[in-house]
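1. fold the following for me, if possible:
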Amino acid sequence: MQTVGSGLGQVTENEALGISRNPWDPDRTPGGSSSGAGAAVAAGMAPIAHGEDGGGSIRIPASCNGLVDLKPTRGLVTNATVSVEGLGTSGVLTRTVADTAAALDVLARHDPAAWWSPPTPHRSFATATQTDMPTGLRIGVLTDSPIDGIHVHPACTEAVTVTLRTLESAGHDIVDTRLPLPPTDELVAAFTTIWNVGGSGIVLADPDRVEPHNRALRDAARAIDSWSYAEGVRKTQQLSRRIVEGFLAGFDLLVTPTMACLPPLVGAWRAGSDDNPLMSLLNSYPMGVFTSVFNVTGQPAISLPIHHDDATGLPVGIQIVAAPWREDLLLQVSRALELAHPWADRRPPVG
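-> Coordinates of the predicted model:
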C-alpha cells in the first residue's frame, strides 16, 4: 500500500509509484500520508489497514474515504522509538467503531521495554463500545480554522452541525467555550520545527532523487541547530499544556471537522511548487489544520464518516477529541453516532 515518502504529506502522488486515487472519485486524492491504506479499505480490498499519524495522516484518509480512525493518546501505542517527539503514533483505518476498538485492544498493550508505555487498560476498548455513554457531557465546538486565512468548506461545517444535533438530542450540553489556541505563527513554527525531522533515520541511497518537497523539508530540518530544535520542543510542550488545561476546564469532548475541505483534486497540491517546493505543504494545510493541533497536545481524536456532500457525493468526516486517556469515552460516543447515522454499508463506486 502506497504512502507518502517519509510519511510527510497529505497526498500520495510521486514519480516513482504514481498517483493514489480516491475510490469515491478517482480524480481526487484519498488523503495521506496513509493514502494506500485508506483507498484499500474503502475499496473493499481489506477490512482494516495500519497507518501512522504525525499530523493527521490516518484521520485525513479516514475523512477522504468515508472510514473510521482513532488517533490514540500519546504513548498508549508504542513504536520502537518515540516518533518526532511524540507527535506521531500508530492506528488503523476501518469501517466500524467496533473494529477500531478491537484493533486498539491489540495495539495498546503495555510494552515492558518502553519506559513511556502505560499499563494495559483494565477494561477492554471493545467492552467500552457495548456500554452506554454517560449523559450530560459538555460538548465543545471548533469550526473556525486554527490557522488564520483558511476557509472551511460548508459541507465540513454541516457535518459538525449534524453531529451536534444528534448529541444534543441524546442529552448532552453544547457549550460555547472557546478552545484557547495560540496565535497561528506560534503554532505553525513550533509544530514544523519538530515535524520537519520526520524523515530522520531513513537512509537514502540517493538523496537527490527524493521528491522536491520532501527534499526541501529535509533541508529545512538540517538547517535547524540543536538549540533552536530544543526551543521548538519546549514550545510545543508549553502550547500543549495551555491547550489541554483549557480543554479540561471547558469540555468533556470537542467536535471539529476532520478537514477544512473536501478531498482535493489530484495535482492541486502542486500549485506554485515549481518556484517554491514548500508550496506543496502550504497547499495541504486545509487538510490537516484541524488534526495537527491534537498531535501537538497528544490527545485522543477520532474521525467518523458522519456526512456526505450532496453536490459531489464525497464523504465528509468529523473529528471528536477527548481528554488524554479517554479513548473509552470517544468509542462510546462514536458507537452511539454510528447507530444514529449508519455508514458501514456505504460503498464507493470504485471497488
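2. can you show me the helices along the chain?
-> 35-42, 59-65, 97-107, 125-128, 154-169, 184-195, 212-222, 226-250, 279-283, 285-288, 293-297, 327-340 (DSSP state H).
3. which residues in the stretch 251-351 of the chain form strands?
-> Here the stretch 251-351 of the chain has its strands, by DSSP state E, counting those that start in this stretch, at 253-257, 301-308, 315-322.
4. in CSV, list those strands along with mean pLDDT, mean neighbour count and distance to T129.
-> In this view, the C-beta of every residue, glycine as well, is placed from N, C-alpha and C. Output for those, formatted as CSV (pLDDT from 0 to 100; neighbours: other CB atoms under 10 Å; distance: least, CB to CB, whole Å):
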stretch, mean pLDDT, mean neighbour count, distance to T129
strand 253-257, 98, 26, 16
strand 301-308, 97, 26, 12
strand 315-322, 98, 26, 14
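5. format the ones you listed as TSV; extra columns: distance to V160.
-> Converted to TSV, the strands of the stretch 251-351 of the chain look like this (distance: least, CB to CB, whole Å):
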stretch	distance to V160
strand 253-257	6
strand 301-308	9
strand 315-322	6
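6. right, so the helices of the chain: which one is the most enclosed?
-> Ranked by mean neighbour count, these are led by helix 59-65 with a mean of 35 (mean count of other CB atoms under 10 Å).
7. if I look at E211, what pLDDT would I see?
-> Listed pLDDT for E211 reads 79.
8. re the thing from before, now the helices of the chain in a markdown table, with distance to T312?
-> Listed next are the helices of the chain as a markdown table, based on distance: least, CB to CB, whole Å:
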| stretch | distance to T312 |
| --- | --- |
| helix 35-42 | 15 |
| helix 59-65 | 12 |
| helix 97-107 | 25 |
| helix 125-128 | 33 |
| helix 154-169 | 8 |
| helix 184-195 | 29 |
| helix 212-222 | 27 |
| helix 226-250 | 33 |
| helix 279-283 | 19 |
| helix 285-288 | 16 |
| helix 293-297 | 26 |
| helix 327-340 | 22 |
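9. retrieve the pLDDT associated with L8.
-> For L8, the predicted pLDDT is 51.
10. just checking, R74 touches G86?
-> Yes. Between R74 and G86 there is a contact under CB atoms under 8 Å: 4.7 Å.
11. what touches both of those two?
-> G298 (CB atoms under 8 Å, 6 or more residues apart in numbering).
12. looking at those two, which has the bigger crowd around it?
-> R74 (24 against 19; other CB atoms under 10 Å).
13. and the closest residue in space to that one that isn't next to it in sequence, how many neighbours does it have?
-> In space, and not counting its chain neighbours, R74 is closest to G298: 3.1 Å by CB to CB, 6 or more residues apart in numbering. Residues lying near G298 (other CB under 10 Å) number 21.
14. just G136 next, same as before
-> By other CB under 10 Å, neighbour count at G136 equals 9.
15. D173 is in contact with that one, correct?
-> Yes. Here G136 reaches D173: they are 6.3 Å apart, a contact under CB under 8 Å.
16. backbone torsions only: list them for the closest residue to A249 other than its chain neighbours.
-> Once flanking residues are discounted, A249 sits nearest to T177: 7.9 Å by CB to CB, 6+ apart. T177 adopts backbone torsions of phi -60, psi 140, taken as degrees, to the nearest 10.
17. tell me the confidence at T177?
-> 94.
18. can you pull the contacts of H341?
-> Per CB under 8 Å, 6+ apart, neighbours of H341: V162, T166, I306.
19. quick one: it from S200, how far?
-> Counting by CB to CB, to the nearest Å, the separation of H341 from S200 is 41 Å.
20. now swap in A336 and tell me
-> As defined by CB to CB, A336 lies at a distance of 41 Å from S200.
21. go on, T192?
-> In terms of CB to CB, T192 sits 14 Å off from S200.
22. now the most centrally placed residue in the chain: closest residue in space, sequence neighbours ignored.
-> The chain has G56 as the residue nearest its centroid, 2.6 Å off, counting by CA atoms, centre = their mean. Nearest residue to G56 in three dimensions, chain neighbours excluded: T291, at 2.8 Å (CB to CB, 6+ apart).
23. same thing with V11?
-> T29 is the one closest to V11 (CB to CB, 6+ apart), at 4.4 Å.
24. list the contacts for the one you found?
-> With CB under 8 Å, 6+ apart, T29 has these contacts: 10-13, 20-22, 35, 64, 263-266, 269.
25. and the buried ones among the residues you listed, selectable in ChimeraX?
-> Buried residues within these, by 16 or more other CB atoms under 10 Å, are selected in ChimeraX with:
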select :10,11,12,13,20,21,22,35,64,263,264,266,269
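26. would you mind giving the contacts of T29 as TSV with distance to D208 added?
-> Below are these laid out as TSV (distance: CB to CB, whole Å):
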residue	distance to D208
Q10	24
V11	22
T12	21
E13	19
S20	24
R21	28
N22	31
S35	24
C64	31
P263	31
P264	28
L265	29
V266	26
W269	22
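27. quick check, nearest of the contacts of T29 to G250?
-> G250 lies nearest to Q10 out of the contacts of T29, by CB to CB, at 28.9 Å.
28. show me the shaky parts of the stretch 201-350 of the chain.
-> Along the stretch 201-350 of the chain, the model assigns pLDDT under 70 to no residue.
29. give me that answer again for 80
-> 201-211, 213-214, 269-270, 273-274, 277-281, 350 (pLDDT under 80).
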